[in-house]
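Q: 3D, please:
(one chain, ligands or ions: 2)
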Amino acid sequence: MTHLLILGGTTEANALAKAVTAQGVPATYSYAGRVDNPRPQPLPVRVGGFGGAHGLAQYLCDHAITHVIDATHPFAAQMSRNAIAACRDTGLPLAALTRPAWTAQDGDRWQHVPDIGGAVAALSGLAQRVFLAVGRMHLEDFAAQPQHHYLLRLVDELGELPLPNCDVVVSRGPFTETDDRALMQRHDIELVVSKNAGGSGARAKIDAARALGLPVLMIDRPILPQRHELTSVTQVLNWLAHSGVNLGV
Ligand code: 3Y8
Ligand code: NAP
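A: Ligands and ions are numbered 1, 2, ... in the order given. Model prediction:
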């Protein structure tokens, strides 16, 4: 009996959830539990960590999972590493549904940095008005550069803010270039800090920066171990069909 585990939390994971539900394939959607109100899904949802790679392997056995699709964000590196280890240990098939990294186009003024720490180091120097659109989990790292005025965009309100000089916008994507351009003009933004998330849900600020001629500190993705990677829902459905899943029941 087929039972998919979708490791979710992205636009692509949500599209996959709809597709497998439409095909009548039994599946469970998994959130880490990072935000207060994660988007509802059309299939059973579980929320919270598994307890490392071993906890995930145990979950896969306990819930008779037959296939794992890692549709997490490219920066969710620990989850992806755990999925590789747990599927290796249990012998279960794993495919990652990911999105190609963004590449600079004409007019882009990108400075690539290898990780969050590299972005913090690149912010040394005179005070600027910085759009820090990297979420909540790494904000404290930027307290090392308190001279800037930061515009933060968060999914949920934060009580304590680790940055002395900042404005906060509480808003979850997917975002649009028009709105991001207006936001950046309203706040006189001079520099954008972004993860190279890929996909469409987070790219609005990159397109807005190009249109406004603003520089971008682009944080490159963490390097992941080798795994079977797919870049569309159709490819995932084909992968499932080729591994014996009866689609369209
Ligand atoms: C909990 C689950 C959809 C999916 C929406 C995508 C697109 C909008 C853009 C900016 C960048 C950022 C952040 C972002 C985007 C999508 C997608 C994406 C970036 C939700 C969601 C969960 C999370 C977790 C959250 C992180 C944070 C990162 C905000 C749901 C809304 C910055 C990544 O407050 C926190 O703790 C937030 C934590 C991990 C990164 C960070 O370090 O803070 N995403 N985002 C998932 C879980 O619990 O398992 O409610 O949908 C999902 C989405 N966020 O179609 O609606 O697919 O990428 N998410 C980044 O890309 O830089 C915002 O502001 O421009
Ligand atoms: P991470 O650093 O790779 O994972 C840290 C731990 O969180 C994992 O080891 C696991 O805990 C738990 N976890 C992560 N994703 C999970 C999931 N989908 N289901 C169950 N547990 C999960 O992950 P992250 O960067 O914090 O991302 C967390 C979630 O936010 C993911 O769903 C991701 O797709 C989504 N998201 C992240 C970003 C981002 O910028 N990082 C952007 C958009 C969406 P255990 O070890 O206890 O199992």
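Q: hey, which helix is longest across the chain?
A: Longest helix in the chain by number of residues, with DSSP state H as the criterion: helix 77-90.
Q: where's the one residue sitting closest to the centre of the chain relative to ligand 1, distance?
A: For the chain, the residue whose C-alpha lies nearest the mean C-alpha position (Cα atoms, centre = their mean) is His73; its distance is 2.9 Å. Between His73 and ligand 1 the distance, using Cβ to the nearest ligand atom, to the nearest Å, works out to 6 Å. C-beta coordinates here come from the backbone N, C-alpha and C atoms, glycine included.
Q: contacts only, for that residue.
A: His73 makes contact with 9-10, 197, according to Cβ atoms under 8 Å, 6 or more residues apart in numbering.
Q: could you pull out the helices for the protein?
A: Using DSSP H, the helices of the chain run over 11-22, 52-62, 77-90, 116-122, 177-186, 204-212, 233-242.
Q: packing partners for the first one?
A: Contact here means 3 or more Cβ pairs under 8 Å, 6 or more residues apart in numbering; DSSP states H and E; on that basis helix 11-22 packs against strand 4-7, strand 27-31, strand 94-97, helix 233-242.
Q: can you show me the CA trace of the third one as PDB?
A: Taking only C-alpha atoms (Å, rounded to 0.1, in the frame of the first residue of the first chain), the coordinates of strand 94-97 have been written out as PDB:
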ATOM      1  CA  LEU A  94      13.900   9.300  -2.000                       C
ATOM      2  CA  ALA A  95      13.500  12.100  -4.600                       C
ATOM      3  CA  ALA A  96      14.100  15.800  -4.000                       C
ATOM      4  CA  LEU A  97      11.700  18.300  -5.600                       C
END
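Q: how far out from the middle of the chain is that strand?
A: Computed by Cα atoms, centre = their mean, to the nearest Å, the separation of strand 94-97 from the middle of its chain amounts to 15 Å.
Q: that one: which residues count as buried?
A: For strand 94-97, the buried set under the neighbour-count rule, 16 or more other Cβ atoms under 10 Å, comprises 94-97.
Q: the longest one too?
A: Along helix 233-242, the positions that meet the burial threshold by neighbour count (16+ other Cβ under 10 Å) are 233, 236-237, 239-240.
Q: what's the angle from it to helix 11-22?
A: 50 degrees (axes from the mean of the first three to the mean of the last three Cα atoms, to 10 degrees).
Q: ok, is helix 233-242 in contact with ligand 1 or not?
A: No. Contact between helix 233-242 and ligand 1, assessed by Cβ under 6 Å from any ligand atom, is absent, since the two come no nearer than 12.9 Å.
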